[in-house]
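[1] Sequence and predicted model, in that order:
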Amino acid sequence: MTSNHLYIAGNQKKLDLNPDGPYIFSSLFKKLLENGYLLTENCKAKAAIFIDYDPLSYSQFISLNGNPNSAVLLRFEPENVLPSQYKKEIYNKFGLVLDFGRDIEGRIETCFPHPYQHNANPLTPAASDVEFDLNKITEIDIQKWHSRSNKFVLIASNKIPLTSNSGYFHRTKLLRQSLNSKNIIIFGKYWKINFQTITFLVRSIFFHLRRKHNLSIKMVAKTFIFKKLDYRGVCNDKHEILRNTQFNVVIENTFDTMTEKILDSIFNGAIPIYMGPNNRDTRILEGCFIRLSNSADIDNLVNNISNLDKRNIEEILLKINDGIVSRKFIEHFAAEAVMHRASNYVISHLREINDQHS
């Protein structure tokens, strides 16, 4: 293959290389095509981009004389979901590594915001997600906000925590410790103990074991909650729920990475009660959320927030409106803008490596 053939690989996923597809990296593919690269799923290429690390795809690329310096790793999945890709020996296999949603000390220039896309359900991106114009997001009607029917909501799947310092662990911990577990309305997968949940947990255990991740029986056991929750099932459109919610409990899967969760809340005017990183991206959102500590008692928190002065709440909503109206949030986080900046970095690197070998 010629030097402009670019192998695209995903972590155990068949990628849709359509530049107009509904995925956050579709705009990356578009930019690469515009710059003369031919995208391929054939690993016999001189250069490659890995969307999260897959050892088999990488080995195949190298075995067919792929150049490690021309291998680019884009790390989207956080460390507690795919810990193997954050090992130093994996980092050293690539000529360039870009991170999304997290700050890496000493490598800030290769760290980008989590690319935000308006997904009704991020597990099943649809063409309508791409068609949604983020510039049409309007400021929150503060008077109508007070009449929203959902007081506290949590939208997330329940999954096996690898450590006690993960969001999966803290979500179940908060709910297990609550004396009134119906304080929060819950949407998402695997909260109800049934055949589907058991099947998913078994598959997850085998996935982690195959990847040689540290997995303890104690952590697996803590996935289950044996108490009645105010569980409303899986939501097809989280935005529809958030538009009618006052406060959304947002606990990141891992505490060094900011994802779309907090932005979904902010853009819909559901004030985030947030447990996540304190980095460049969350500091842009400062004043738009209520910080949740990892030692918080959910019952006390619900009580304290319920008793917040109306002026305090409206100050947060005004701050959110300021970020929306000024377009500051859109310009920094929108997937197309983020992937445009990231693709420039990737293209510059690949051209530099190609020039060295020409």
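    Looks like it arrived, so ask away.
[2] Can you give me the buried ones in stretch 156-176?
    Neighbour-count burial for stretch 156-176, counted by 16 or more other C-beta atoms under 10 Å, picks out 156, 158-162, 166-175. The C-beta positions use only the backbone N, C-alpha and C, and glycine is treated the same way.
[3] what's the answer for stretch 239-246, then?
    Buried residues in stretch 239-246 (16+ other C-beta under 10 Å): 239, 241, 242, 245, 246.
[4] Endpoint to endpoint, it covers what distance?
    Length of stretch 239-246, first residue to last, C-alpha to C-alpha, to the nearest Å: 13 Å.
[5] so how far is that stretch off the chain centroid?
    Remark: stretch 239-246 is offset 19 Å from the chain centroid, using C-alpha atoms, centre = their mean, to the nearest Å.
[6] swap in stretch 257-271?
    Relative to the mean C-alpha coordinate of its chain, stretch 257-271 is positioned 11 Å out (C-alpha atoms, centre = their mean).
[7] residue ranges with poor pLDDT in the stretch 201-350 of the chain?
    226 (pLDDT under 70).
[8] rerun at 50
    Within the stretch 201-350 of the chain, not a single segment meets pLDDT under 50.
[9] Do a quick rundown of the strands in it.
    If DSSP state E, counting those that start in this stretch is used as the criterion, the strands of the stretch 201-350 of the chain fall at 230-231, 245-251, 271-275, 290-291.
[10] To residue 215, which of the ones you listed lies closest?
    Evaluated with C-beta to C-beta, those place strand 245-251 nearest to residue 215, the distance being 20.5 Å.
[11] The closest one pairs with which strands?
    strand 150-155 (parallel), strand 271-275 (parallel) (DSSP bridges).
[12] among the ones you listed, which is the most enclosed?
    Mean neighbour count (mean count of other C-beta atoms under 10 Å) peaks for strand 271-275 among those, with a mean of 23.
[13] quick one, strands of the stretch 1-150 of the chain?
    Counting by DSSP E, counting those that start in this stretch, the strands of the stretch 1-150 of the chain are 5-10, 38-40, 47-51, 71-75, 96-100, 111-112, 150-155.
[14] what are the pairing partners of the fourth one, and which direction each?
    The reference is to strand 71-75. Strand 71-75 has the following strand partners under DSSP bridges: strand 47-51 (parallel), strand 96-100 (parallel).
[15] again, but for the shortest one
    The strands that strand 111-112 pairs with in its sheet are strand 96-100 (parallel) (by DSSP bridges).
[16] what residues does the partner strand touch?
    Identification of contacts with strand 96-100 by C-beta atoms under 8 Å, 6 or more residues apart in numbering yields 71-76, 91, 107, 110-115, 338, 342, 345-346, 349.
[17] Now do the contacts for residue 154.
    171, 184, 185, 186, 187, 188, 248, 249, 251.
[18] switch the cut-off to 6 Å
    By C-beta atoms under 6 Å, 6 or more residues apart in numbering, the contact set of residue 154 is 184, 186, 249.
[19] In those residues, which residue is surrounded by the most others?
    Among those, residue 249 has the most neighbours (other C-beta atoms under 10 Å), with 28 neighbours.
[20] Excluding residues flanking it in the chain, which one is nearest that one?
    Closest residue in space to residue 249, ignoring its immediate chain neighbours: residue 154 at 4.3 Å, by C-beta to C-beta, 6 or more residues apart in numbering.
[21] Relative to residue 4, how far out is that neighbour?
    47 Å (C-beta to C-beta, to the nearest Å).
[22] related to what we said a few turns ago, let's have the contacts of residue 154 in CSV, adding distance to residue 59.
    Output for the contacts of residue 154, formatted as CSV (distance: C-beta to C-beta, whole Å):
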residue, distance to residue 59
184, 45
186, 41
249, 41
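[23] what are the bridge partners for residue 230, then?
    Following DSSP bridges, residue 230 is listed with bridge partners residue 185.
[24] Residue 339 contacts residue 28, correct?
    Yes - contact between residue 339 and residue 28 holds when scored by C-beta atoms under 6 Å: they sit 4.6 Å apart.
[25] which residues do the two both contact?
    By C-beta under 6 Å, 6+ apart, no residue touches both residue 339 and residue 28.
[26] residues contacting residue 258?
    101, 114, 276, 277, 281, 282.
[27] so what's the backbone phi/psi at it?
    For residue 258, the backbone dihedrals (degrees, to the nearest 10) come out as phi -100, psi 130.
[28] now residue 253
    Dihedral angles for residue 253 - degrees, to the nearest 10 - are phi -60, psi -30.
[29] what's the answer for residue 120, then?
    According to degrees, to the nearest 10, residue 120 has phi -60, psi -40.
[30] just to revisit the earlier point, kindly reformat the contacts of residue 258 as a markdown table containing distance to residue 56.
    Listed next are the contacts of residue 258 as a markdown table, based on distance: C-beta to C-beta, whole Å:
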| residue | distance to residue 56 |
| --- | --- |
| 101 | 25 |
| 114 | 26 |
| 276 | 32 |
| 277 | 31 |
| 281 | 32 |
| 282 | 35 |
